[in-house]
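> Predicted coordinates and the sequence they were generated for:
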Amino acid sequence: MQHRGLFLLALLALLALTSAVAKKKDKVRKGSLGSECSEWTWGPCTPSSKDCGVGFREGTCGAQTQRIHCKVPCNWKKEFGADCKYKFESWGACDGSTGTKARQGTLKKARYNAQCQETIRVTKPCTSKSKSKAKAKKGKGKA
């Protein structure tokens with residue numbers, strides 16, 4: 001019985017220790033990256049090749065400079081950047097004169113102190129009805 005109690009006590013101490021180490025690592029990762037500096041300014045994520053994928057983000061704080069790994073999604077909207085997150089309205093009606101429809105987005109979150117516009121407007125081409133009919137015909141031909 002005494003051995004079981006000692007075993008449980010040792011197990012509890014081990015769990016507490018691993019939890020404390022994990023919290024310390026998390027603080028270093030979120031905060032100052034292992035330095036005393038608290039006001040880091042981060043630049044945009046720059047992909048290593050092409051215009052999306054894994055890259056680096058450079059940060060400065062006083063005379064210190066750090067580079068961290070980051071990732072730019074390949075479906076990001078280049079006009080407003082990958083670090084600006086927006087909440088969008090529904091798509092509007094199709095404008096017959098331009099052949100496009102539009103919607104507006106309101107800034108929800110700016111990551112890494114990114115300079116983001118408060119509201120943005122995006123457009124896309126109107127979809128034609130013939131596209132959906134062509135897809136339906138393809139499906140029937142396979143059967």
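Arrived safely.

> from here on, contacts and neighbour counts on C-alpha atoms
Noted.

> Helix or strand: which one has the residue nearest to Cys45 when sequence neighbours are not counted?
Spatial nearest neighbour of Cys45, excluding adjacent residues (CA to CA, 6 or more residues apart in numbering): Arg57 at 4.5 Å. Counting by DSSP states H and E, the element that carries Arg57 is strand 53-61.

> Give me the contact list for the following helix or strand past that strand.
Where DSSP H and E defines the elements, the next helix or strand beyond strand 53-61 is strand 64-72. For strand 64-72, the external contacting residues (CA atoms under 8 Å, 6 or more residues apart in numbering) are 45-47, 51-60, 82.

> of those, closest to Asn75?
Cys52 (8.3 Å; CA to CA).

> any low-confidence regions in the protein?
For the chain, the stretches with pLDDT under 70 are 1, 3, 5-35, 76-79, 128-143.

> how about the strands in it?
For the chain, the strands defined by DSSP state E occupy 41-42, 46-47, 53-61, 64-72, 84-88, 100-110, 119-125.

> Domain-wise, how is the protein divided?
Domain assignment for the chain by the TED database gives 37-73, 75-125.

> buried sites along stretch 108-121?
Buried positions in stretch 108-121, judged by neighbour count with 16 or more other CA atoms under 10 Å: Ala110, Tyr112, Ala114, Cys116, Ile120.

> Nothing else from me, thank you.
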